[in-house]
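[1] Okay, predicted coordinates and the sequence, questions at the end:
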Amino acid sequence: MTSRILVSLRVAATPERAFTAFVRDIALWWKPNPLFEFSPGPAGTLGFEPRLGGRFTETYPDGRVFEIGRIWAWEPGSRLVFSWRLASFTPGQATEVEVRFEPVDDQTRVTVEHRGWDSVPQEHVARHHFPDGIFLQRHGEWWQALLGAYRISARFDE
């Protein structure tokens, strides 16, 4: 089984609205974490090219663009899957993020599964030498904080 992070929350929105807020407004709710930065230096602005095969990028204040990954599934209102890599990863090394939007009564359950961390050795700088359990817990806590910021930014509860 692959090392993975699994977090979810419910939002007071349709799956379509929840999907749109996740991808269109990621620059509004994404909170950088110095433990899990994509590349060294000041954080940039995240964005998705809204289509299958589109890029997931971070654009820095000086105009440089780092491609974090590619969109492997683009199913508005249902599912988003994209690759995730850091600048320190070796060529071809990446993890994968799947975000699911599932209707539950008059809400939507947004679930993030970030998998493939077993392909990144414990001694890799991205894992900070943490044992698997501690690394996954810390990274999961960050995803929980991100989803909390997503809920607040999108104003689902108003």
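    Right, received. Where do you want to start?

[2] how about the chain, which residue sits the furthest from its center?
    Computed with C-alpha atoms, centre = their mean, the residue of the chain farthest from its C-alpha average is D105, at 25.3 Å.

[3] Check that residue and give its pLDDT.
    At D105, the model reports a pLDDT of 94.

[4] Same check on W117?
    The model reports W117 with a pLDDT of 79.

[5] Ok, Q137 next?
    We note a pLDDT of 87 for Q137 in this prediction.

[6] Not counting its own residues, what contacts the helix or strand it falls within?
    Under the criterion of DSSP states H and E, Q137 resides in helix 132-154. Applying C-beta atoms under 8 Å, 6 or more residues apart in numbering, the external contacts of helix 132-154 come out as 3-9, 11, 13, 17-18, 21-22, 25, 28-31, 33, 35-36, 110, 112, 114, 117-118, 122, 127-128, 130, 157. C-beta: built from backbone N, CA, C; applies to glycine.

[7] Now which of those residues would you call buried?
    For the contacts of helix 132-154, a burial check counting by 16 or more other C-beta atoms under 10 Å picks out 3-5, 7, 9, 11, 13, 17-18, 21-22, 29-30, 110, 112, 114, 117, 127.

[8] Take those and keep only those in helices.
    Residues of the buried ones among the contacts of helix 132-154 located in helices (DSSP state H): R17, A18, A21, F22, W29.

[9] How about the contacts made by the first one?
    Residues in contact with R17 (C-beta under 8 Å, 6+ apart) are T108, A154.

[10] isn't V104 right up against R10?
    Yes: with contact defined as C-beta atoms under 8 Å, V104 counts as touching R10 (6.3 Å).

[11] Low-confidence bits of the chain, can you list those?
    Applying pLDDT under 70 to the chain flags residues 1-2, 35, 121, 123-128, 157-158.

[12] Closest to the centroid, which residue in it?
    Closest residue to the average C-alpha location of the chain: V97 at 6.1 Å, with C-alpha atoms, centre = their mean.

[13] hey, where'd the strands end up in this protein?
    Applying DSSP state E to the chain gives strands spanning 4-11, 45-48, 55-59, 65-75, 79-84, 95-104, 107-115.
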